[in-house]
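**Q** Pasting the sequence and the predicted coordinates here, then a few questions.
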Amino acid sequence: MAAIIDPRSGFCSSNGIFYSKREPVKLPADPSLTFPRFILERPDFDPSAIAYIDSKSGQTLSYGELKAQIQAAASGLLAFGVKPGDVVLVLCPNSIAFAVILLAIMSMGAIVTTTNPLNHAIEIAKQAADSNALFVASLPSLLDKVSGLKLPLILLQDSDKKLLGTQKLGFPSCMTLSELLCSRTENALGHHGRQDDTAALLYSSGTTGVSKGVILTHRNFIAQVLLLQYSNEGLPWNSRIYMCLIPMFHVYGMAFFGSGILAKGATVVLQQKFDFVETLEAIQKYGVTHMPAVPPIIIAFAKSPVVEKFNLSSLVSVGSGAAPLGREVMDSFYSRFPMIKIPQGYGLTETTAVGSHTVTEEEATHFGSVGLLAANTELKIVDVDSGKPLPPCEKGEIWFRGPTIMKGYFGRPGETASTIDKEGWLHTGDLGYVDAEGFLYIVDRLKELIKYKGLQVAPAELEAVLLSHPGIVDAAVIPYADNEAGQIPMAFVVRGPQSVLREVDVIDFVAKQVASYKKVRKVAFVGDIPKSASGKILRRELVSAAMSKL
């Protein structure tokens, strides 16, 4: 008997699986198709269109120039000694050079591993060792962080190598990107790789545990581009200008600005590091139309008075991902920008940034939801205690299965087995539910739930309430040890410039809007909330700060 699937929710009661309501996407069958070839050899490729603009310098790179530079750089990498299968560590902020070297490494069959420029040298060294990196690509200003690796250096910005003293700094050899681009080695785009080859080792943020190398294949990235459907409403693709605020070393930034947008032929404005005023200036200067972002940025747009000094009329969409965005924040944003849409999405490094998303204007009206399940993707909501799949509107752990699921954690077979089960389901560790219409809602991280007298309290829910207060600019909630209750919710609050909020004011404000067991019972006022590059709250830092004051 064929399985019966509810057309509204996509749920099949016979096996407990939610199926995507989106049209299935046909994935390329050619096993030798690599990710860069998929992007750069597409039928609608327009070499004259602008691919990248550097927001500060105004430097531009057309799609034709991008393709030529990727081909040349890939050839240069071969000449420098990089072989297919070698791992190249890239330490670089958002830049045109980053985009070129990223796809050049992949195109000649090597593997890219990216790291945060804010990381300390010891953290970078751990990743280099864990990933078995054999080369490093970076900028002159960051060389002190990678000189101890003693790896051959690819310098992504021109500099006098004699002045650098590469031997003294610990680099056995060095080649600049300009030298790579002058290479006459055979075209490396013709590398005979396979879709199942590893393209990248992207390290998870480590906010809930030890950072691990996520193995993503060329097939994962190709599927990500095809499954992350974008709205066809409004502007044609060749008229869209996307603002890149998200770090491209993170899967969110890479999925959008190093691949997805390129496959559509739109223009990307690159900002090296986030500065709110510079972002506003760039939107006004370049006529930015779309801006995928993270909740802290959307909060700033909704609440900062600086916004009113700029002409942001070109913006039609400000997307949200990487962390939950509450209804209160969305309401505040829409009250200021009623004509700008906020599409939301949800994905993980382990799913190549794919999971669920909103596409149409109607879908975006499901406030608080991260959208419908992506095409070709299956989902389960699983009871945390029994392990049984749950029907619509019941909360449990989110499991995914589909073509964007990682190959595993590099060098960690045990952790891979505990994350991806024998049936191919990725256990995300996130809590959520699917409503009767098939829209997914994220509740919180399984490991971040506060246990108040045995009852579960989701920090994200309380943070959404706190952010609805006009005098609160940002907030985070953590578990605080309590002898009687086990744990109580503690709020870290960033007050607005004119705010005179007291602890009792915050506690009373939340208490009026939630059940008694969910109440915030302790408040600390801080200057900012620590967050990862992708916008996720670094709760461990706040927990440590709270513990130090016990």
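**A** Yep, it's here.

**Q** Quick check: next helix or strand after the helix or strand hosting Ala137?
**A** Using DSSP states H and E, Ala137 sits in strand 135-138. Remark: after strand 135-138, the chain's next helix or strand is strand 153-155, criterion DSSP H and E.

**Q** name the helices or strands packed onto that following strand?
**A** In terms of contact count using 3 or more CB pairs under 8 Å, 6 or more residues apart in numbering; DSSP states H and E, strand 153-155 is assigned the packing partners strand 135-138, strand 174-176, helix 177-181. For the C-beta atoms, the positions are set from N, CA and C on the backbone; glycine is no exception.

**Q** Would you mark the buried spots in the strand holding Ala137?
**A** Of the residues in strand 135-138, those buried under the neighbour-count criterion (16 or more other CB atoms under 10 Å) are 135-138.

**Q** try stretch 472-489
**A** Of all the residues in stretch 472-489, those buried under the rule 16+ other CB under 10 Å are 472-480, 485, 487-489.

**Q** now stretch 60-68
**A** 61-63, 65-68.

**Q** pLDDT of that stretch, averaged?
**A** Across stretch 60-68, pLDDT averages out at 96.

**Q** Could you do stretch 355-362 as well?
**A** For stretch 355-362, mean pLDDT is 88.

**Q** who touches it?
**A** Stretch 355-362 is contacted by residues 228-231, 233, 341, 343-348, 364, 366, 369-374, 377, 379, 398, 400, 440 when judged by CB atoms under 8 Å, 6 or more residues apart in numbering.

**Q** Mean pLDDT and distance to Tyr203 for the helices and strands packed on strand 153-155 - can I get that in TSV?
**A** Below are these laid out as TSV (pLDDT from 0 to 100; distance: least, CB to CB, whole Å):
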stretch	mean pLDDT	distance to Tyr203
strand 135-138	97	15
strand 174-176	92	25
helix 177-181	91	23
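
**Q** leaving aside the residues next to it on the chain, what's closest to Phe38?
**A** Nearest non-adjacent residue to Phe38, counting by CB to CB, 6 or more residues apart in numbering: Ile222, 5.0 Å away.

**Q** sec struct for the one you found, please.
**A** Reduced to three states with DSSP: H, G, I helix; E, B strand; the rest coil, the structure at Ile222 is helix.

**Q** So for Pro391, which of the helices and strands packed on strand 153-155 sits nearest?
**A** Set against Pro391 and scored by CB to CB, the helices and strands packed on strand 153-155 come closest in strand 135-138, at 48.8 Å.

**Q** what distance separates that closest one from the centre of its chain?
**A** Chain-centre distance of strand 135-138: 22 Å, with CA atoms, centre = their mean, to the nearest Å.

**Q** Outside of that strand itself, list whatever touches it.
**A** If you take CB under 8 Å, 6+ apart as the criterion, strand 135-138 is touched by 80-82, 86-92, 101, 105, 128, 145-146, 149, 151-156.

**Q** same thing with stretch 146-154?
**A** Here stretch 146-154 makes contact (CB under 8 Å, 6+ apart) with 77, 80-81, 88-89, 91, 101, 121, 124-125, 128, 133-138, 143, 166, 169-177, 180.

**Q** Between the two ends of it, how far is it?
**A** Distance between the two ends of stretch 146-154: 11 Å, counting by CA to CA, to the nearest Å.

**Q** Off-centre distance for it?
**A** For stretch 146-154 - counting by CA atoms, centre = their mean - the centre lies 27 Å from the chain centre.

**Q** Let the chain start at 43 from now.
**A** Got it, the first residue is 43 from now on, which makes the last one we talked about stretch 188-196.

**Q** Give me the average confidence score over it.
**A** In this model, stretch 188-196 has a mean pLDDT of 94.

**Q** repeat for stretch 363-382
**A** 79.

**Q** Please apply the same query to stretch 288-298.
**A** 87.

**Q** same deal with stretch 338-358?
**A** Confidence over stretch 338-358 (mean pLDDT, whole number) is 89.

**Q** Check which residues of it are buried.
**A** Under the neighbour-count criterion of 16+ other CB under 10 Å, stretch 338-358 has 338-346, 349, 354, 357-358 buried.

**Q** of those residues, closest to Glu490?
**A** Checking these against Glu490 by CB to CB gives Pro338 as the nearest, at 17.4 Å.

**Q** And that closest one, how close does it get to Ser574?
**A** With distances taken as CB to CB, to the nearest Å, Pro338 is found 11 Å from Ser574.

**Q** right, and the secondary structure at Pro531 would be what?
**A** Look at Pro531: counting by three-state DSSP, its state is strand.

**Q** Name the residues linked to it by a beta bridge.
**A** Note on Pro531: beta-bridge partners by DSSP bridges are Pro521.

**Q** The one 4 residues further on now?
**A** Residues in a beta bridge with Val535, per DSSP bridges, are Ala517, Phe567.

**Q** so how many other residues sit close to it?
**A** Val535: 25 surrounding residues under other CB atoms under 10 Å.

**Q** And for the one 3 residues further on?
**A** With neighbours defined by other CB under 10 Å, the count for Gly538 comes to 16.

**Q** my read: it touches His511, true?
**A** No: taking contacts as CB atoms under 8 Å, Gly538 lies outside contact range of His511: 9.1 Å.

**Q** Tell me the backbone dihedrals of the residue nearest the centre of the chain, please.
**A** For the chain, the residue nearest the mean C-alpha position is Tyr294 (2.4 Å; CA atoms, centre = their mean). Here is the backbone geometry of Tyr294 (degrees, to the nearest 10): phi -60, psi -50.

**Q** what about it, distance to Gln101?
**A** Distance of Tyr294 to Gln101, given as CB to CB: 24 Å.

**Q** Likewise for Thr419?
**A** Using CB to CB, Thr419 is found at 38 Å from Gln101.

**Q** Pick the one among the buried residues of stretch 338-358 closest to Ser460.
**A** Pro338 (31.3 Å).

**Q** Apart from its neighbours in sequence, what residue is nearest that closest one?
**A** Nearest residue to Pro338, sequence neighbours excluded (CB to CB, 6+ apart): Gly577, at 5.5 Å.

**Q** how close does that neighbour get to Asp72?
**A** Separation of Gly577 from Asp72 (CB to CB) stands at 36 Å.

**Q** Can you give the strand pairings for the strand holding Ala179, parallel or anti for each?
**A** Strand 177-180 sits in its sheet next to strand 129-133 (parallel), strand 195-197 (parallel), going by DSSP bridges.

**Q** For it, C-alpha coordinates in PDB please.
**A** What follows is strand 177-180, C-alpha atoms only, in PDB (Å, rounded to 0.1, in the frame of the first residue of the first chain):
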ATOM      1  CA  PHE A 177      49.100  24.900   2.400                       C
ATOM      2  CA  VAL A 178      47.900  28.100   3.800                       C
ATOM      3  CA  ALA A 179      46.300  31.100   2.000                       C
ATOM      4  CA  SER A 180      46.100  34.500   3.800                       C
END
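
**Q** Okay, now the unreliable bits of this protein?
**A** Low-confidence segments of the chain (pLDDT under 70): 43-44, 201-211, 226-234, 247-252, 273-275, 364-366, 368, 496-498, 575-576, 591-592.

**Q** Determine the longest helix present in it.
**A** Identified as the longest helix of the chain according to DSSP state H is helix 105-122.

**Q** helices or strands next to that helix in the packing?
**A** Helix 105-122 packs on helix 77-82, strand 92-96, helix 138-149, helix 219-223, going by 3+ CB pairs under 8 Å, 6+ apart.

**Q** After the third one, which helix or strand is next?
**A** If I follow you right, that is helix 138-149. Using DSSP H and E, the next helix or strand after helix 138-149 towards the C-terminus is strand 153-157.

**Q** relative to strand 129-133, how tilted is that next one?
**A** The directions of strand 153-157 and strand 129-133 differ by 30 degrees, with axes from the mean of the first three to the mean of the last three CA atoms, to 10 degrees as the criterion.

**Q** now the residue nearest to the centre of the chain: how far from Gly577?
**A** Taking CB to CB, one finds Tyr294 at 9 Å from Gly577.
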